[in-house]
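> turn this into a model:
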Amino acid sequence: MIKRKARKIVAVFSVLAVFFLFQIGTFAQEQLLLTASNEPSEWAVESVEWSKIYGLAPENMYKNYTSKVTMDELYSVCVSVYEAATEQSIIPSDKSLIGDTFSETILKAYSVGLIKEDEKLEPQREVTRLDMVTCTYETIKAAQPVFSFQADIELTFNDADSIPDEALDAVKYVVSKGILKGRSNNTLDLESSCSRQELIVFTKNAYEFVRYESGKYSRGAFWKVSDEDSCVYLLGSVHVADPSMYPLSKEILKAFEEADYLAVEANVSNAQEAALYMMEKAFYKDDNTLYKNVPKEVYNRFVEVIEPYGIRPEMYNKFKPWYAALLVQNLLYAESSFSSEIGIDMVLLEKAKDKKEILEIEGAKFQVDLFDSFSTELQVEFLASSLAPDNNTQKKSVDMLNDMINCWKSGDTEGLEKLLFSAESDSDVDKEFNEKLFISRNNNMTEKVKSYLADPERKTYLVVVGAGHMVGETGIVAQLTGEYEIVQIK
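Modelled structure (predicted):
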């Protein structure tokens, strides 16, 4: 048997770097929701949250939710939906075609046919619910022209007879696909004004329909483990994400709804406490310094990367190497499309808040202590690996993470394993890295899963931990194989 070790750069990016990143992201997210006026109506809350994750509207649309939508705002949202659904940026039309006074949003909408050549442009006109339906319908047609757009259904709403003939196909289609719901009095009320929250909910429904219908949803690294009377769902997570990783498969979402407990590596709902503990461990408290503990070329490269961000030498020279490495990776992510705020764990934790009991398998303090337990040699290598010597090396690191995410989205766990692991060397540093980061933690996590399966109350658990812990020869799935029935769900 070939021994395996984690590829350090990829493993740390996908499994560990988020410990620093999501503390910042969580604070920002919490502050955004403090003002009551920024909250949508209760019926719209979950859809608004998903819309943010999917990136379906400009940031300025996620406030003043009851305000009326203008045509310019409608176009901006539909353009975002198109770009998210196709994962392609729209090239704006030449201004000479429609005039040079219109925004880039209008030019993009015109480019993909959301605005017709003979259409009168009124960017500041208030949008009706019918405008919302027809523009979103055209967005779906532009994004997925291969779909069948026939909808031979009878509309039973009380006001169905008032729908204009030219809009009837669009209305029938979105109703037949479950995108548009009627109001409580069995009316569509398409002539009334459209609020921001109505538009956000509707376009979120449309986007999800397009992604599921076209098969562009994430299967994840997802298994069901069961014995004669209990089951546990295992989801290997990627701790950083971009909007293309959503929506999650309906099977994952169903398992989340079924689960009595959500078990995660660390519950970061109290981010401040975790951040304070990290700060306590991250700095040398004696006369030791970063300069004294790393090779000169590594230190100089770190200074070169960190100084443009205004961090003073008297501060960064007290960083321990492991913390310096995490900080560097934070900066790398800031320049990419990845965010820990929409990482799989964070999204499910947010959805579980006040709805499910959340279990910690390790805890934030354990993970900080893990870093702090690294030998100086391992910390130095960790930092050196994080400091890309040039833009090409940095690009390769991001490309490797993109490859890993693509495997995750398609449910290709074999490909994921190949990216995460390579043949092991005999160095003491590599052995320490493999033992501390994976083997011992995998063993502990596996025992936790077994204890969940042995729950006398037969509760259902969804276990969400880094994908690196699920795959590989010492991974959780391999350790459970043979003792339990295991099915990968794609």
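> so how far is stretch 244-262 from its chain's centroid?
13 Å (C-alpha atoms, centre = their mean, to the nearest Å).
> and what of stretch 362-382?
With C-alpha atoms, centre = their mean, you get 25 Å for stretch 362-382.
> regarding the residue nearest to A467 when sequence neighbours are not counted, what is its secondary structure?
Excluding its sequence neighbours, the residue lying closest to A467 (C-beta to C-beta, 6 or more residues apart in numbering) is G236, at 3.3 Å. In short, each C-beta sits where N, CA and C put it, glycine included. When classified by DSSP: H, G, I helix; E, B strand; the rest coil, G236 comes out as strand.
> can you give me the neighbour number for S93?
By other C-beta atoms under 10 Å, 18 other residues sit near S93.
> oh, that last question was meant for S47, not what I typed.
18.
> repeat for E381
Residue neighbour count, defined by other C-beta under 10 Å, stands at 22 for E381.
> any weak-confidence spans in the stretch 201-350 of the chain?
The stretch 201-350 of the chain contains no residues with pLDDT under 70.
> from M445, how far out is the residue nearest to A467?
According to C-beta to C-beta, to the nearest Å, G236 stands 11 Å off from M445.
> ok, now G55?
G55 is 32 Å from M445, by C-beta to C-beta.
> neighbour count winner among the two?
Higher neighbour count among G55 and M445: M445, with 23 against 19, using other C-beta under 10 Å.
> what residues sit buried inside stretch 402-410?
Neighbour-count burial for stretch 402-410 flags M404, I405, C407, W408, K409 (criterion: 16 or more other C-beta atoms under 10 Å).
> same check, this time on stretch 307-317
Buried residues in stretch 307-317 (16+ other C-beta under 10 Å): Y316, N317.
> end-to-end on that stretch?
End-to-end distance for stretch 307-317, by C-alpha to C-alpha, to the nearest Å: 11 Å.
> again with stretch 385-397
From its first residue to its last, stretch 385-397 covers 10 Å (C-alpha to C-alpha).
> need the single longest helix in the chain, by residues.
Ranked by residue count, the top helix of the chain under DSSP state H comes out as helix 391-410.
> other SSEs contacting that helix?
Contacting helix 391-410 under the criterion 3 or more C-beta pairs under 8 Å, 6 or more residues apart in numbering; DSSP states H and E are the following elements: helix 8-11, helix 321-334, helix 413-420.
> which stretch among the ones you listed comes nearest L453?
helix 413-420 (20.7 Å; C-beta to C-beta).
> show me what counts as buried in the closest one.
In helix 413-420, counting by 16+ other C-beta under 10 Å, buried: T413, G415, L416, E417, L419, L420.
> per-residue pLDDT, the closest residue to the fourth one other than its chain neighbours?
Translated: E417. Leaving aside its sequence neighbours, E417 sits nearest to V471 (C-beta to C-beta, 6+ apart; 4.1 Å). For V471, the pLDDT comes out at 95.
> quick check: V471 touching L419?
No. Look at V471 against L419 with C-beta atoms under 8 Å: they stay out of range, at 9.7 Å.
> can you map out the strands along the stretch 251-400 of the chain?
Ranges of strands in the stretch 251-400 of the chain, per DSSP state E, counting those that start in this stretch, are 261-264, 357-360.
> so which elements touch the first one?
Meaning strand 261-264. For strand 261-264, the packing partners by 3+ C-beta pairs under 8 Å, 6+ apart are helix 344-352, strand 357-360, helix 440-453, strand 461-466.
> sheet-wise, list the partners of the second one with their directions.
Using DSSP bridges, the strands paired with strand 357-360 are strand 261-264 (parallel).
> next one: the partner strand to chain centre, how far?
How far strand 261-264 lies from its chain's middle: 18 Å, per C-alpha atoms, centre = their mean.
> next: stretch 83-93.
Taking C-alpha atoms, centre = their mean, one finds the center of stretch 83-93 at 20 Å from the center of the full chain.
> in it, what counts as buried?
In stretch 83-93, counting by 16+ other C-beta under 10 Å, buried: E83, A84, A85, T86, I90, P92, S93.
> show me the residues you listed that map onto helices.
Cross-referencing the buried residues of stretch 83-93 against helices under DSSP H gives E83, A84, A85, T86.
> rewinding a little: closest one to F149 among the helices and strands packed on helix 391-410?
F149 lies closest to helix 413-420 among these, at 35.3 Å (C-beta to C-beta).
> the closest one - contacts with which helices or strands?
Here helix 413-420 touches helix 8-11, helix 391-410, helix 467-470, going by 3+ C-beta pairs under 8 Å, 6+ apart.
> what average pLDDT does the second one get?
Rounded to a whole number, the mean pLDDT of helix 391-410 is 82.
> got the angle for it vs helix 413-420?
With axes from the mean of the first three to the mean of the last three C-alpha atoms, to 10 degrees applied, the angle from helix 391-410 to helix 413-420 works out at 160 degrees.
> distance from the chain centre to helix 391-410, please.
Offset of helix 391-410 from its chain centre (C-alpha atoms, centre = their mean): 15 Å.
> now the angle from that helix to helix 321-334?
Angle of helix 391-410 versus helix 321-334, following the same axes, to 10 degrees, is 80 degrees.
> quick check: angle from helix 391-410 to helix 344-352?
Using the same axes, to 10 degrees: helix 391-410 against helix 344-352 is 50 degrees.
> make residue 1 into 8 and carry on from there
Sure, I'll start counting at 8 from here, so that last one is helix 398-417.
> list the contacts for N413?
Shown in contact with N413 (C-beta atoms under 8 Å, 6 or more residues apart in numbering): D419.
> quick check on I493: phi, psi?
When read as degrees, to the nearest 10, the backbone of I493 gives phi -130, psi 130.
> who does the closest residue to it other than its chain neighbours form a beta bridge with?
Closest residue to I493 apart from its sequence neighbours, by C-beta to C-beta, 6+ apart: V232 at 5.2 Å. Beta-bridge pairing of V232 under DSSP bridges involves V239, I493.
> quick one on the thing from earlier: so which of the helices and strands packed on helix 420-427 is nearest M139?
Nearest to M139 among the helices and strands packed on helix 420-427 is helix 398-417 (29.7 Å), distances taken as C-beta to C-beta.
> what's the closest of the buried residues of stretch 90-100 to F216?
The closest of the buried residues of stretch 90-100 to F216 turns out to be A92 (C-beta to C-beta; 9.6 Å).
> in stretch 185-204, what counts as buried?
By 16+ other C-beta under 10 Å, the buried positions in stretch 185-204 come out as I186, L187, G189, L195, D196, L197, C201, S202, R203, Q204.
> what's the closest non-adjacent residue to the second one?
So the one you mean is L187. V181 is the one closest to L187 (C-beta to C-beta, 6+ apart), at 4.2 Å.
> ok, the fifth one next?
Distances taken as C-beta to C-beta, 6+ apart put R190 closest to D196, at 5.3 Å, once the chain neighbours are dropped.
> so what does the one you found have for phi and psi?
For R190, the backbone dihedrals (degrees, to the nearest 10) come out as phi -80, psi 170.
> could you check how far it is from D166?
In terms of C-beta to C-beta, R190 sits 10 Å off from D166.
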